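# Requesting a structural model of the entry that follows:
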Amino acid sequence: MKALQKKLLSSAGLGILLIGMTAAISHRTVIESGAEEPEAAEETDSMAAAAEEEAYQQAEADLIFWYQDASYGAFFDLASREYFKKTKIKALPVYQGETEYMAAIYDSTMREEAYPDVYLISGENLEEAYLYGLAAPNEDADRYSGAADQALNAAAYQGKLLGYPLNYNTCVFIYQNDYFEQPPETMADIVRYSKENEPGENVEYLMEWDVNDAFYDFPFVSNSITFEKKEAQLLEVIYEEELYQKDKEFFQELTSSFSVDAKTVSEESILKNFKEGRTLCAILDTDSLSQLEGYSYSLKKVPDLNEELKTYSCAMTKMLIVNDFSKELQKAADFAEFVTIDMAGALYGASGHYSVFKSETADMVEQTAYEAYETAVLAPASQDARDFWVGLKERFERYF
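Here you go, the predicted structure:
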């Protein structure tokens, strides 16, 4: 009997051993065939990422790229790494906080001291870039056929496409959902609402905008102003006097209904007041909309003043420019295209700026922002436009 038990135990042990060997062989076969365990796969990915990062860090810069707005920092860093991954060409992003940005680009280029092959500007500076001789033509206009029409207009000078349009900024109107059963169609409707309704206990401001910045003041007189550009460095601003007087009269009535503290108001304070329910309506720029994510509100294009007096926001367009003095013109142009086209889908998430290419899955906020941009008045690309903006700001200061 004991001999039989011993024999059975030996058989069982042999069976277990065989099963264990089979499992081990199977495990080894899985590994050898390339189907790694999750932990091993993660370790391999981590090692590959580390090697890729080291290669990027060790590589010499093939191109230098300047930008002046720090909000783009994370995006340009990402774009540079993705471009290196694709081409093994390193475009080094360099933040330049200098006030005289275009002059700095020109001076460094003339001295041939680490000057940029590619740089970011706003469309209003395109004429200056062209007259400095720092803007090579964009030879691939067809690749931008899906971009907003405004973007292509902003990136062109004297009928020639120079810029590689990246993103836009314009004004939109936001309002609290709980207070308006119907969207306000005009500014006059908002004034009427304030006279017929008692605001909530927490409400301090009926409407706010940055009254110290002419960009936000422009819609109130936009219907009476036309820009004409007939030659370089000569911008003609034409006022339709009758409309202009009506605009000013309406604005004076408006400011008697709205209390805006010009000494303390800013884009940041407006956002804070709106999210805390202290402000019912506001005019903001589209660059600020990312800061309202998670908050329930409505938005639309800036309303007309009344049924007679229309409003138009001003639009600005950021673009990349290839320096015509670059020794790597083709590489620089390819990088500019990659950043503005191939990386368009990553722009908003990394910077909060909307691409000139509308997302295929655009939500209501992006859709409204895009429509506001397409119907806005482009900020004139003229070196003497600064005089207009300074003068407009001074006129509005009289009301506050």
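# For S46, give me the pLDDT.
The model reports S46 with a pLDDT of 79.
# The one 10 residues further on too?
Among the per-residue scores, Y56 shows a pLDDT of 91.
# Over to L14?
Taking L14 on its own, its pLDDT is 35.
# How about A262?
Note on A262: pLDDT of 86.
# quick one, what contacts it?
A262 makes contacts with 211-212, 397, 400, as judged by C-beta atoms under 8 Å, 6 or more residues apart in numbering. No exception for glycine: its C-beta is placed from N, CA and C like everyone else's.
# Could you measure from it over to R386?
21 Å (C-beta to C-beta, to the nearest Å).
# Next up, phi/psi of the residue nearest to D213 when sequence neighbours are not counted, please.
Excluding the flanking residues, the one nearest D213 by C-beta to C-beta, 6 or more residues apart in numbering is K393, at 7.4 Å. In terms of degrees, to the nearest 10, the main-chain angles of K393 are phi -60, psi -40.
# again with the one 3 residues further on
Phi and psi for F396, reported as degrees, to the nearest 10, are phi -80, psi -20.
# Need the nearest residue in space to K85, chain neighbours excluded.
Leaving aside its sequence neighbours, K85 sits nearest to E52 (C-beta to C-beta, 6+ apart; 6.7 Å).
# Give me the helices and strands touching the stretch of helix or strand the one you found belongs to, please.
Taking DSSP states H and E as the definition, E52 sits inside helix 38-58. Packing contacts for helix 38-58, counted by 3 or more C-beta pairs under 8 Å, 6 or more residues apart in numbering; DSSP states H and E, involve helix 73-87.
# Could you pull up the residues touching A344?
355-357.
# Quickly name whichever of these is closest to V339.
Using C-beta to C-beta, S355 comes nearest to V339 of these, at 10.6 Å.
# wait, doesn't that closest one sit right on G349?
No: counting by C-beta atoms under 8 Å, S355 sits too far from G349 to count as a contact (10.7 Å).
# A40 versus Q58, what's the distance?
27 Å.
# These two: which is more packed in?
A40 (11 against 8; other C-beta atoms under 10 Å).
# list the contacts for the spatially most central residue of the chain?
Residue closest to the mean C-alpha point of the chain, counted by C-alpha atoms, centre = their mean, is H353 at 1.6 Å. Residues counted as contacts of H353 (C-beta under 8 Å, 6+ apart) are 71-72, 75, 166-167, 169, 287, 318, 347.
# Select from those residues every entry located in helices.
Counting by DSSP state H, these place 75, 347 in helices.
# And the helices in the stretch 151-300 of the chain?
187-196, 214-217, 241-257, 267-275 (DSSP state H, counting those that start in this stretch).
# distance between stretch 163-183 and the chain's centre?
Mean-position distance between stretch 163-183 and its chain equals 14 Å (C-alpha atoms, centre = their mean, to the nearest Å).
# start at 48 instead
Done: numbering now begins at 48, and the last item shifts to stretch 210-230.
# Would you mark the buried spots in it?
For stretch 210-230, burial by neighbour count (16 or more other C-beta atoms under 10 Å) applies to 210-223, 226-227.
# Perfect, I'm done here.
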